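**Student:** got a predicted structure plus its sequence, pasted below:
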Amino acid sequence: MTTTAVINIASLVTNDPSLGNGTPLGLIRDAAVVIEGDRVVWTGESSKAPATDNAVDAGGRAVIPGFVDSHSHLLFAGDRTEEFNARMSGLPYTAGGIRTTVAATRAASDEELDANVSRYLAEAARQGTTTFETKSGYGLTVEDEARALRIAARHTDEVTYLGAHVVPADHADDPAGYVELVTGPMLDACAPYARWIDVFCEKGAFDGDQARAILTAGRAKGLHPRVHANQLGHGPGVQLAVELDAASADHCTHLTDADLDALGQGDTVATLLPGAEFSTRAAWPDARRILEAGATVALSTDCNPGSSFTSSMPFCIALAVRDMGMTPDEALWSATAGGAAALRRTDVGVLTRGARADLVILDAPSHVHLAYRPGVPLVSAVWQRGERTL
Ligand code: NIG
Ligand code: FE
């Protein structure tokens, strides 16, 4: 197999604390990375790099692991420009807007849905995302949820069944019947395409008992839980997520001390989604407080047409640093290794021997520029599974 070395890297983030400067980022100066097939086979100081078949000169710039976007909702049609406009004129965000997208998504063809996923993924890839998770949740019938997941599974292994996004208008008078559908025939139709099951546990969506029933039913079918928790207000979502050993509790905007204790003690990752607070003009989650509680934090886009219509991980990093109390190092870690932890993966989000060869050259001398130069397209080259894609 051919070996390629990326050389002349001013600053390399490996996310292996045993390497380089000994911080969680495992930062190596004057570094090189060697790729063979779809794997990293060596990382270290340039002067010690083994001989390879090819070399790519990084030109004294920074290299980071590809971003791991562990939370997106890409299976939808249409957009909600008017709702956004109304919000920016002072109206609050509510979960009710989801039903607008449900109507548009049900009316769309398979080809349209597939083309939309491809389009937003291409956008994300240009901004350095190399692994992503995506969900159903805008179909909310057996057929529409199953088709969303079938299409999602063409694009990623990280597929999440979110039949419990909201109670659809057609079941408004019978929420218990909808929970039975989600835990019965809809789950049966969706489980073959999904790895994860998610619930929007929030006032106006599903309460703690409903969420527990849904996640438990999913687990019995081999799906692992993750939870939309404590986004719009306080509630049982975060503690339920930890109790069920969910891979992540997502949003975590409104947390009590008991929620923080739970996150600090369990293995559930707190996934923060600053695009949602930006786009709904909501209060920011306090990342500092969550980190100090001892929790693992991931950063993701939440890309969806309602609350966070961005596919940009660099944008989320900049917001997390500016407004959520994270350092540039913490934000970069959370957008790479943190996302991997939220997907219970160790093969991505790191650049060490044996990891998947997913890496990004930034047009900057260090990863700090992602927050220092917000809005600037700094991603200048991308390798995904060892293939140069940008
Ligand atoms: O993660 N909170 C629930 N779901 C999405 C928003 C969906 C929508 O408004 O369409 C979220 O923010
Ligand atoms: Fe979401």
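**Tutor:** Here it is on my side, so go on. Ligands and ions are numbered 1, 2, ... in the order given.
**Student:** list the buried ones in the one helix or strand Thr43 maps to?
**Tutor:** In the assignment (DSSP states H and E), Thr43 maps to strand 39-45. For strand 39-45, burial by neighbour count (16 or more other C-beta atoms under 10 Å) applies to Arg39, Val40, Val41, Trp42, Thr43, Gly44. No exception for glycine: its C-beta is placed from N, CA and C like everyone else's.
**Student:** between those residues, which is nearest ligand 1?
**Tutor:** For these, the residue nearest ligand 1 by C-beta to the nearest ligand atom is Val40; the value is 32.4 Å.
**Student:** CSV for the buried residues of strand 39-45, including distance to Ser312 and pLDDT?
**Tutor:** Compiled in CSV, those are given as follows (distance: C-beta to C-beta, whole Å; pLDDT from 0 to 100):
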residue, distance to Ser312, pLDDT
Arg39, 27, 98
Val40, 25, 98
Val41, 31, 98
Trp42, 31, 98
Thr43, 26, 97
Gly44, 31, 97
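**Student:** out of the residues you listed, who's near ligand 1?
**Tutor:** The subset of these within reach of ligand 1, by C-beta under 6 Å from any ligand atom, is empty.
**Student:** returning to that earlier point: show me the contact partners of the strand holding Thr43.
**Tutor:** 3, 12, 14, 16, 19, 28-35, 49-50, 351-357, 359, 386 (C-beta atoms under 8 Å, 6 or more residues apart in numbering).
**Student:** can you rerun that using 6 Å?
**Tutor:** Thr14, Asp30, Val33, Val34, Leu351, Ala355, Ala357 (C-beta atoms under 6 Å, 6 or more residues apart in numbering).
**Student:** let me see the contact set for the closest residue to the first one other than its chain neighbours.
**Tutor:** Take Thr14 and drop its neighbours on the chain: the residue closest to it by C-beta to C-beta, 6 or more residues apart in numbering is Gly26, 4.0 Å away. Applying C-beta under 6 Å, 6+ apart to Gly26 gives the contacts Thr14, Asn15, Asp16, Pro17, Leu19, Gly20.
**Student:** repeat that for 7 Å
**Tutor:** Thr14, Asn15, Asp16, Pro17, Ser18, Leu19, Gly20 (C-beta atoms under 7 Å, 6 or more residues apart in numbering).
**Student:** please apply the same query to Leu359.
**Tutor:** Here Leu359 is in contact with Val33, Val63, Pro65, Gly66, Leu351, Trp383 (criterion: C-beta under 7 Å, 6+ apart).
**Student:** in helices, which of those appear?
**Tutor:** Among the contacts of Leu359, no member is found in helices (DSSP state H).
**Student:** pick out the most distant pair among those residues.
**Tutor:** Val33 and Gly66 (12.2 Å; C-beta to C-beta).
**Student:** for ligand 1, what are the nearby residues on the stretch 1-150 of the chain?
**Tutor:** Proximity of the stretch 1-150 of the chain to ligand 1, by C-beta under 6 Å from any ligand atom, involves residues His73, Gly97, Ile98, Thr101.
**Student:** redo that, cut-off 8 Å
**Tutor:** Neighbours of ligand 1 within the stretch 1-150 of the chain, by C-beta under 8 Å from any ligand atom: His71, His73, Phe76, Arg80, Tyr93, Ala95, Gly97, Ile98, Thr101, Gly137, Tyr138.
**Student:** any idea how far Val68 is from the closest residue in space to the first one that isn't next to it in sequence?
**Tutor:** Read that as His71. Leaving aside its sequence neighbours, His71 sits nearest to Ser300 (C-beta to C-beta, 6+ apart; 3.8 Å). Relative to Val68, Ser300 is positioned 8 Å away (C-beta to C-beta, to the nearest Å).
**Student:** overlap in contacts, those two.
**Tutor:** In contact with both Ser300 and Val68: Gly339, using C-beta under 7 Å, 6+ apart.
**Student:** helices of the stretch 251-390 of the chain, residue ranges please.
**Tutor:** 257-265, 274-280, 287-292, 313-323, 328-333, 339-342, 369-372 (DSSP state H, counting those that start in this stretch).
**Student:** just say which of the ones you listed is most tucked in.
**Tutor:** Most buried of those by mean neighbour count (mean count of other C-beta atoms under 10 Å) is helix 339-342; its value is a mean of 28.
**Student:** alpha carbons of it, as PDB, please.
**Tutor:** Written as PDB, here are the backbone C-alpha positions of helix 339-342 (Å, rounded to 0.1, in the frame of the first residue of the first chain):
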ATOM      1  CA  GLY A 339     -17.800  14.400  19.200                       C
ATOM      2  CA  ALA A 340     -16.200  11.000  18.800                       C
ATOM      3  CA  ALA A 341     -16.900  10.300  22.500                       C
ATOM      4  CA  ALA A 342     -20.500  11.300  22.000                       C
END
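**Student:** who touches the closest residue to ligand 1 within the stretch 1-150 of the chain in this structure?
**Tutor:** The minimum distance from the stretch 1-150 of the chain to ligand 1, using C-beta to the nearest ligand atom, falls at Ile98 (4.4 Å). By C-beta under 7 Å, 6+ apart, the contact list for Ile98 reads His165, Val166, Gly306.
**Student:** neighbouring strands of whichever helix or strand Ile9 is part of in the sheet, and parallel or not?
**Tutor:** Using DSSP H and E, Ile9 falls within strand 3-13. Next to strand 3-13 in the sheet, as set by DSSP bridges, lie strand 27-36 (antiparallel), strand 54-65 (parallel).
**Student:** list the buried residues in the first one.
**Tutor:** So the one you mean is strand 27-36. Buried positions in strand 27-36, judged by neighbour count with 16+ other C-beta under 10 Å: Leu27, Ile28, Ala31, Ala32, Val33, Val34, Ile35, Glu36.
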